[in-house]
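1. pasted the sequence and its predicted model underneath.
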Amino acid sequence: MSSKFNKELQILVKDKVISPELADKIEQYYATKNLGKPNRLFTIFGIFGALLVGSGIILMLAHNWDDFSKITKTVLAFIPLVVGQFMAGFSILKEKSSTWKEASGTFLFFAVGACISLISQIYHIPGELESYLLTWIVLCLPLIYVLRSNAVALLVLILSTYYAIEIGVWNYRNTQTPWLYIVFLLAGIPHYWNLLKNRISSNTATIFNWMIPISVTIALSAFVGNAGNLGFLMYIAIFGLLYNVGKLAVFDKIRTLRNGYIIIGSLGTVISLMVFTFRWIWDDLINGFNYSSQELYVALVLLIIAFATLGYTALKRGFKKTNLFQVAFVLFWIVYFLFSTSVIMPVILINVLVFALGISAIKIGVDKFNFGILNYGLLIISTLIICRFFDAGMSFVIRGILFVLVGTGFFVTNYIMLKKQQKFKKQIKDLQV
Amino acid sequence: MKTIHFFIGFLVLVFVQFFVPIQMIWKQENVLVSGEAYKFKTRPIDPTDPFRGKYITLHYEMNSFIKNDTSYAYGDKIRVYIKKDSNGFAMPVAISKKPLDGAQDFVMAKVTGNYNKEISFDLPFNRFYMEETKAYDAEKAYRKINRDSLKENVYAEVYIKDGVSVLKNVIIDEIPIQEYVEQYNID
């Protein structure tokens, strides 16, 4: 039981809202309720301990001890593996708590990495980092399911992202595409889905709600290749997809801050569209691109998936509840393909779109009484205006007036909403009295 | 699902986790025991791998072949057929994308360029892991040797069988590189 909760109880007793007996009862109820659950803090420390020991072993082995014979090195390579497997097997067979499973899974994860790395050292096995990462991921991915371990799932996700950018971004002149990243991501989805179904409000689920969109956003850069223009199309489609995923009914129960899909999707959409409000980018685009490239297919597939997700939520909730952020990516694609031969038209349309996004964010903020979203909308509009200052030849007087207007807008909207909220609270209080 | 199902699944995974590294060892040992030994003239440089530690990158003197064929492009995997010269050093005989007839030894390589009828390639055994304190010294040792114009004496000892190549050691002046580095430090 947290001490904060106990303090609140004491205050309630002191202010005579509840009786001391009731406070005792409440305290006892929560104390017995959590009795069977494993200590969360203990699990976290277990994972961190295994993480540190595991990576420590990898570092020590990376020293490449020249004085040891080949046999000694080989035996050394297998010791952590055997220890990790023994602990993991023990925690499955004895049905140990999740603390055991998470910690032993984390340790085993690193032991596998250490073992194959030492073997490659001993025999100077060539092959780039990517093939090593690939073997490591494949050998550890099933651990997610046999141990039902969130820590291993997270480690596999991080390693897969590393694998994707190692192949597609960092590797100089490499023409490969990390298709296997998609396989690894899909392989983790059932575990994630299970987590969402059972414990969506938990911190663990929140970590995944943020890590998955972050990983996808990073890894997508590995699929862009040389066709830079198409990269923008891909990114706008993926941000649209992320936002729409965040709007799925499963996530209704959690707060926006726990929903990384919404935040990353929304920010990503606004930032990429903001780039397209400039004229020079459309000038560059007119030079055209290769319509038969692999990037175009990836972009199209992303668009179709994003569109399907949008369609699904729109059908479930009714079209009226769909907001502009959900459809922004479709509007962008339409503008892009209809008007990409002219310059002025798409620039105007995208400016209008970003402005509309700002307004719609303000509206959502007002409807929900959410100051964060309200100011986000205002921020979008002011950024748009600031951006226009760079390429529009307006006089300083007009620019000054615009700034004053936007600043006043910030004050006024926040003030109106604050008043509204106070009035609302007062009404509730009156009702209670 | 019962615990026992998870456990059986885990046992299968344990088997695979053992099988993969053991298979790696077996493949290398097989070549070391029954493969043919070649010498490749080389030049060592020292970088780092985040997980596997310090190694020296070996740049081989044998890195291109004269052939007038524009179909070879960056990234292509090719076979480099080799034979020994009178001193036991490897020299290329032919390169090809498909297997050639005749039981000659070959190594797999990756095309890095095709310019002026010369096809350049990277040999696969270009990493030699060393104790972290020694890798940079190895590079220094090579530079010294190079100054003293003894570079004919730096070569990699590679075992080859059925296209699989295993780098056994790097030799400087007839001494394994680890020992050479130790001696060089004493000097």
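-> Arrived safely, thanks for sending. Residues are numbered from 1 along each chain as shown, chains lettered A, B, ... in the order given.
2. now B:I160. Its backbone dihedrals?
-> Dihedral pair for B:I160: phi -130, psi 130, per degrees, to the nearest 10.
3. what does A:N209 give?
-> Per degrees, to the nearest 10, the backbone of A:N209 is at phi -60, psi -20.
4. can you check B:E61 too?
-> phi -70, psi -30.
5. with A:L141 instead?
-> According to degrees, to the nearest 10, A:L141 has phi -60, psi -40.
6. what about it, how many residues close to it?
-> 19 (other C-beta atoms under 10 Å in any protein chain shown). C-beta coordinates here come from the backbone N, C-alpha and C atoms, glycine included.
7. tell me the spacing between A:N198 and chain B.
-> 15 Å (C-beta to the nearest C-beta, to the nearest Å).
8. lowest-pLDDT helix or strand in the chain?
-> Unless you meant another one, I'm taking chain A. helix A:279-285 (a mean of 75; mean pLDDT, DSSP states H and E).
9. I was thinking of chain B, sorry if that wasn't clear
-> Least-confident helix or strand in chain B using mean pLDDT, DSSP H and E: strand B:48-49, a mean of 66.
10. quick one on the thing from earlier: from the chain's centroid, how far away is the least confident helix or strand of chain A?
-> 30 Å (C-alpha atoms, centre = their mean, to the nearest Å).
11. so which other helices or strands are in contact with that helix?
-> Under the contact definition 3 or more C-beta pairs under 8 Å, 6 or more residues apart in numbering or on different chains; DSSP states H and E, helix A:279-285 sits against helix A:344-368.
12. what's in contact with the helix it packs on?
-> Contacts to helix A:344-368, defined as C-beta atoms under 8 Å, 6 or more residues apart in numbering or on different chains, come from residues A:269-270, A:273-274, A:276-279, A:282, A:323-325, A:328, A:331-332, A:335-336, A:339-340, A:370-381, A:384, A:388, A:413, A:417.
13. got any ranges where the chain has weak pLDDT?
-> Looking at chain A here, since you left the chain open. Within chain A, the ranges that satisfy pLDDT under 70 run A:1-3, A:33-39, A:64-65, A:127, A:171-175, A:225-229, A:285-292, A:340, A:390-394, A:433.
14. my bad, the chain I had in mind was chain B
-> B:1, B:44-53, B:103, B:146-152, B:184-187.
15. ok, now with 50
-> By pLDDT under 50, the low-scoring segments of chain B are B:186.
16. for chain B, what lies in contact range of chain A?
-> Counting by C-beta under 8 Å from any C-beta of the partner chain, chain B comes close to chain A at B:3, B:6-7, B:9-11, B:13-14, B:16-18, B:20-21, B:24-25, B:28, B:49-55, B:74-75, B:124-132, B:134, B:166-167, B:178.
17. can you flag the buried ones in those residues?
-> For those, a burial check counting by 16 or more other C-beta atoms under 10 Å in any protein chain shown picks out B:6, B:9-10, B:13-14, B:17-18, B:20-21, B:24-25, B:28, B:49, B:51-55, B:124-132, B:134, B:166-167, B:178.
18. tell me which residue in chain A sits closest to chain B.
-> A:A62 (3.1 Å; C-beta to the nearest C-beta).
19. from what I can see that residue touches A:S120, true?
-> No - in this structure, A:A62 is not within contact of A:S120 by C-beta atoms under 8 Å, at 11.0 Å.
20. those two: who's more crowded?
-> A:S120 (25 against 21).
21. just the element for the more buried one, please.
-> Element membership of A:S120 [criterion: DSSP states H and E] is helix A:98-122.
22. the helix or strand just after that helix packs against which elements?
-> Downstream of helix A:98-122, the first helix or strand assigned by DSSP H and E is helix A:129-140. Judged by 3+ C-beta pairs under 8 Å, 6+ apart, the packing partners of helix A:129-140 are helix A:98-122, helix A:150-165, helix B:3-34.
23. how about 10 Å then?
-> Where contact means 3 or more C-beta pairs under 10 Å, 6 or more residues apart in numbering or on different chains; DSSP states H and E, helix A:129-140 is packed against helix A:98-122, helix A:150-165, helix A:179-199, helix B:3-34.
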